[in-house]
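Participant: all I have is the shape, not the residue letters:
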């Protein structure tokens, strides 16, 4: 069976006044990151957790325990979501508005006797150098983020910047639109599925097999860390992988925060809903 080695990992809260809503984990056969979607109202999870942080932490713990052969990724994910859903409904004590149910993006890599594959839901991103030596980017998200950036730009203009909280997503018009979009997630017959409290999301898991003809290097990251390539254009996929291996993930995170807090603190050049979002990355090698 291929061997999985975690080389480096990092998770960094986007703002000192907010809890980190990301999570990550690994075991002998899998590694993954989870990006909890910002809680858009009151949480039912006990403080200091938000519902997004609680979900990411809960699912991460269950995947570390259960995502091992002979379990399938979809099977382990379904069990993890089902367990989180049971506990969340107990905490909620009754139905909630659809936008209040927590969701998270997921991205991971799994090794098994038959090979290795990426798996995920949502807008988390992988940068790979596969066994053939080719470097490429992969995300399970079906759509890009141009619309989100346009919404962020409009919210920043109405809000006159991020404000003291370092975020523009709580501006009234933006918040209403984000809640509308959140309510459309994980709905029967829908096309937008994330980790949440609907176990059937596991049936919509996206996967991509890896070429193992040589060593594979993979960087799994949440969307904010991936902005070094996707939005800020400071690296291409190959350059980001090289920098991660040479300089380490902490150095790349420092570069990310410098762009967000020193070069563009008001989001004028790079429109976004938060000055700095939570950033999580995990660097691994398969061989």
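Facilitator: Received, thanks. As the structure is a computational prediction, the values presented were derived from the model and not from experiment.
Participant: least trustworthy helix or strand in this structure by mean pLDDT?
Facilitator: Using mean pLDDT, DSSP states H and E, the weakest-scoring helix or strand in the chain turns out to be helix 146-159, at a mean of 80.
Participant: is residue 42 part of a helix or strand, or is it coil?
Facilitator: coil (DSSP: H, G, I helix; E, B strand; the rest coil).
Participant: brain fart, residue 106
Facilitator: Following three-state DSSP, residue 106 is assigned to strand.
Participant: any idea how far it lies from residue 200?
Facilitator: Going from residue 106 to residue 200 by CB to CB, to the nearest Å gives 15 Å. To be clear about C-beta, it is placed using only N, CA and C from the backbone, and glycine gets the same treatment.
Participant: and these two? Which one has more around it.
Facilitator: For residue 106 and residue 200, the more surrounded residue by other CB atoms under 10 Å is residue 106, and the numbers stand at 29 against 12.
Participant: about what we covered before: which elements pack onto the helix or strand that the least confident helix or strand of the chain is followed by?
Facilitator: Remark: after helix 146-159, the chain's next helix or strand is helix 172-183, criterion DSSP states H and E. Under the contact criterion of 3 or more CB pairs under 8 Å, 6 or more residues apart in numbering; DSSP states H and E, helix 172-183 touches helix 146-159.
Participant: you'd agree residue 204 is up against residue 193?
Facilitator: Yes. Using CB atoms under 8 Å, residue 204 is in contact with residue 193, at 4.0 Å.
Participant: report the set of residues contacting both of these two.
Facilitator: residue 121 (CB atoms under 8 Å, 6 or more residues apart in numbering).
Participant: who's more crowded, those two?
Facilitator: Per other CB under 10 Å, whichever of residue 204 and residue 193 has more neighbours is residue 193, with 22 against 16.
Participant: shouldn't residue 202 be within a helix?
Facilitator: Yes. Judged by three-state DSSP, residue 202 forms part of a helix.
Participant: tell me the buried residues in the least confident helix or strand of the chain?
Facilitator: Across helix 146-159, burial judged by 16 or more other CB atoms under 10 Å covers 148, 149, 151, 152, 153, 154, 155, 156, 159.
Participant: thank you, goodbye.
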